[in-house]
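>>> my questions are about this predicted structure, shown below with the sequence.
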Amino acid sequence: MPWPPIELPPVVGYTGPIMEQNQTTNPASTHWADINADKILRSRRLEQDQQAPTYVCASGITPSGTVHIGNFREIISVDLVVRALRDKGAKVRFIYSWDDYDVFRKVPKNMPKQEELETYLRWPITLVPDPYGKEKSYARANEVAVENLLVKVGIQPEYLYQADKYRASEYAQGMRTALEHRNTIRDIMNEFRSEPLPTDWWPVSVFSSFTNKDTTTILGWDGEWGLTYRCDETRKEETLDLRTTPYAKLPWRIDWPMRWAHEGVDFEPAGKDHHSEGGSFDTSKKICKAVYGVEAPVTFQYDFISIKGRGGKISSSSGEVVGLDDVLEVYTPEVTRYLFAGTRPNTEFAISFDLDVIKIYEDYDRCERVFYGIDTINEKKREKEVRIYQLSQVHEPMEAQPLQLPFRHLCNLLLIMNGDVQRAVRAFPEVGDLEEQGLLTEGWWEYAQNRARCAWNWLHSFAPEDFVFQVKSGTEDPEDLGAVYGAEAVDQARKAFHALSAMADTFETIEEKPLQDRLYNIARDAGLEPKDFFEILYRVMVGKTKGPRLAGFLKTLGAQRVRTILAPYF
RNA sequence: GGGCCGUUAGCUCAGCUGGUAGAGCAGCAGACUCUUAAUCUGCGGGUCGAAGGUUCGAACCCUUCACGGCUCACCA
């Protein structure tokens, strides 16, 4: 189906102050974010006269390609816990670590300039150029994309750039400590390895200053700051001073605990791939204690996310990934947060792009009505729903229940209005009334616009064919209805159309129910079975045998449009 | 081989810090001159994977087992 080219306003990003603290939080909340917040608070025993500490919550990933929605689960999980901590009155530092000093291992298939990128393999991603030529590096391009999106869902951590820190030798002492505990670290890692690390293994790695690649061999350490390596490609040797060199770094399983100690991290969750015995969290935890002398942070494991209902559009095997941007095309920021806030982190769930989308929006709306006390359910459930709603918000919730735009109905109105957001929203009768009374705030219009845009995107890209229709403009040639319904039926339909046009002026004032009754009468007066009349009318109006409930549909279209559509058939 | 998670109504799941088993969908019955996975009203339906244990009381805690899934032992 051809879609009219519609210029939609972009989803509005959130620019005001972030929602910081919620005074109404029930301290006994059993929401998983609150339970974890309590766990974090308990992990630091405070002496009587000790000042309230700042709790450090951390998250981070390697920006080595497009950041996908699975990665997003980690950062939103931390964000929710951070909110829970702040709601409990704790001071929190929320850090997000871009591991942009990691090695560029593989060129993702969805990147342009594949051949040029190939030449940078084994370099640190912070030195690989941005194939789009906009940012100062490949890593930075991926980072910027995510940082901009996170603002829209109300997540604003303090970003730490590991490449900058390593290259400025901020971790010189951390690396030296690792070297001093070389054997301890090797023993810990060997506990779980199938093949033990070789005797000439070193707990640091080096990028060659001659080639920028990590293809180097460490030859020795002087017991202080001097590290000697050989560049495998050029066979050149060099001694670096850890206090000044930009080239040294720690491998992952040592880098992680070193940073926990360096930043004093109190909480960091990790994916299930890290959370096995002998996995990276496990060995990092041991190294953290044995080498850096501090306890590993409180953690939990979050499960993977799958995608449902993008059949045919993007196959996951083609290497194309679903990112936060894709999710925000269909789900508003609040509903996106709702998906994660309402699901325990250690359960796998699917983000749906099919008909489930409607249900998710309906669930969210119900949650909102519970929050505002419109819908009543038992107290225990109410508390849980209220908490989920709070945690889903990007802005402060409004004082009273804002006017809801049910997703399904909004979809129909958008289809009737050919994607015109303003007209679709105003087709809700309540909108005009509330606007006159000055009860629709700017925030509400933002909500309406975001939701309408998501609905339109969904209709455009993912809704089943049965679900969508397009109102005929009245300029098309009349269809050859006679072949299908017979000349007599068409003749009768013509009569009915006349009658319908004649009463079109009453659309604005008549109730749906009486209008519906009139339609049946019109059909029978013209000698048609109502069923056939409806079918022919739908064919004329939307080119299909079915469509939106007629009474409401006609009222929404209005007398003028209905006449225009019917005119060619007189 | 180790670890983690799951097993609750026909289906998808909720039930979280032990207190009489819940929701949605499906099903059945009724209503609407009716049409979007139509709408509204009502109803039924579960030895909570199995066996033991702790407890006044267990879907929930402990032990063992069965089945399913994921993950680690290479890199991050």
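Nice, I can see it. As the structure is a computational prediction, the values presented were derived from the model and not from experiment.

>>> only C-alpha atoms for contact and neighbour calcs from this point on.
Noted.

>>> show me the contacts for A:V107.
A:V107 sits next to A:Q114, A:L117, A:E118, A:L121 when contact means Cα atoms under 8 Å, 6 or more residues apart in numbering.

>>> ok, 7 Å please
Counting by Cα atoms under 7 Å, 6 or more residues apart in numbering, A:V107 makes contact with A:Q114, A:L117, A:E118.

>>> which of the residues you listed tops the neighbour count?
Among the contacts of A:V107, A:L117 has the most neighbours (other Cα atoms under 10 Å), with 19 neighbours.

>>> what residues does the stretch 201-350 of chain A have near RNA strand B?
Residues of the stretch 201-350 of chain A lying close to RNA strand B (Cα under 7 Å from any atom of the strand) are A:251-253, A:272-280, A:344, A:346-347.

>>> would you check which pair of those residues lies furthest apart?
A:P251 and A:R344 (31.2 Å; Cα to Cα).

>>> gap between A:G264 and A:S77?
A:G264 sits 19 Å away from A:S77, going by Cα to Cα, to the nearest Å.

>>> more neighbours: which of those two?
Legend: neighbour count by other Cα under 10 Å for A:G264 and A:S77, higher for A:S77 (23 against 18).

>>> find the nearest non-adjacent residue to A:A33, please.
Distance criterion Cα to Cα, 6 or more residues apart in numbering; nearest residue to A:A33, sequence neighbours excluded, is A:V81 at 4.8 Å.

>>> what number of residues lie near that neighbour?
The local packing of A:V81 (other Cα under 10 Å) involves 26 other residues.

>>> pretty sure it is touching A:D38, no?
No: using Cα atoms under 7 Å, A:V81 makes no contact with A:D38, being 9.6 Å away.

>>> ok, back up a step: how about the secondary structure of the residue nearest to A:A33?
For A:V81, the assignment made with DSSP: H, G, I helix; E, B strand; the rest coil gives helix.

>>> which bits of the stretch 451-570 of chain A sit near RNA strand B?
Contact residues (Cα under 7 Å from any atom of the strand) of the stretch 451-570 of chain A with RNA strand B: A:466-467, A:513, A:516-517, A:520-521, A:531, A:534, A:546-550.

>>> again, 6 Å this time
Residues of the stretch 451-570 of chain A lying near RNA strand B by Cα under 6 Å from any atom of the strand: A:D466, A:F467, A:D517, A:Y520, A:F534, A:K546, A:G547, A:P548, A:R549, A:L550.

>>> what helix or strand is A:I35 located in?
helix A:32-43 (DSSP states H and E).

>>> name the residues of that helix that are buried.
For helix A:32-43, the buried set under the neighbour-count rule, 16 or more other Cα atoms under 10 Å, comprises A:W32, A:A33, A:D34, A:I35, A:N36, A:A37, A:D38, A:I40, A:L41.

>>> so how far is RNA strand B from the first one?
Looking back up the chat, that one is A:W32. Note on A:W32: its distance to RNA strand B, by Cα to the nearest atom of the strand, to the nearest Å, is 6 Å.

>>> find the residue closest to that residue in space, skipping its chain neighbours.
Leaving aside its sequence neighbours, A:W32 sits nearest to A:R344 (Cα to Cα, 6+ apart; 6.6 Å).

>>> how many residues are close by the one you found?
For A:R344, the number of neighbouring residues by other Cα under 10 Å comes to 16.

>>> and the one residue in the stretch 251-400 of chain A that gets nearest to RNA strand B, its phi and psi?
Nearest to RNA strand B in the stretch 251-400 of chain A, going by Cα to the nearest atom of the strand, is A:D273, at a distance of 3.4 Å. Per-residue torsions, A:D273: phi -70, psi -20 (degrees, to the nearest 10).
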